[in-house]
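> Below is the structure, and that's it, no one-letter string:
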């Protein structure tokens, strides 16, 4: 868990700095680590779902 959090830390920092409407990961486990480190209500979105949202499908 410590190693996973160490890997997620720079990603979390970028998300916090940029404050995107959505963020995602193609790996469900990595997405959960990002969510847990962000401590927000926002959750990760799979890249396919991001495409669906972008195209309004």
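Here it is on my side, so go on. Remember, it's a predicted structure, so these values are computed and weren't measured experimentally.
> what's the first-to-last distance across stretch 15-25?
Criterion CA to CA, to the nearest Å; first-to-last residue distance in stretch 15-25 is 12 Å.
> What's the mean pLDDT across it?
Averaging pLDDT along stretch 15-25 gives 89.
> how far is the helix of greatest length in the chain from where the chain is centred?
If you go by DSSP state H, the chain has its longest helix at helix 2-18. Relative to the chain's own centre, helix 2-18 is displaced by 9 Å; criterion: CA atoms, centre = their mean, to the nearest Å.
> what's the next helix or strand after it packed up against?
For helix 2-18, the following helix or strand on the C-terminal side (DSSP states H and E) is helix 28-38. Here helix 28-38 touches helix 2-18, going by 3 or more CB pairs under 8 Å, 6 or more residues apart in numbering; DSSP states H and E. Every residue, glycine included, has its C-beta placed from N, CA and C.
> So what touches the helix it packs on?
With contact meaning CB atoms under 8 Å, 6 or more residues apart in numbering, helix 2-18 is reached by 23, 29-30, 33-34, 37-38.
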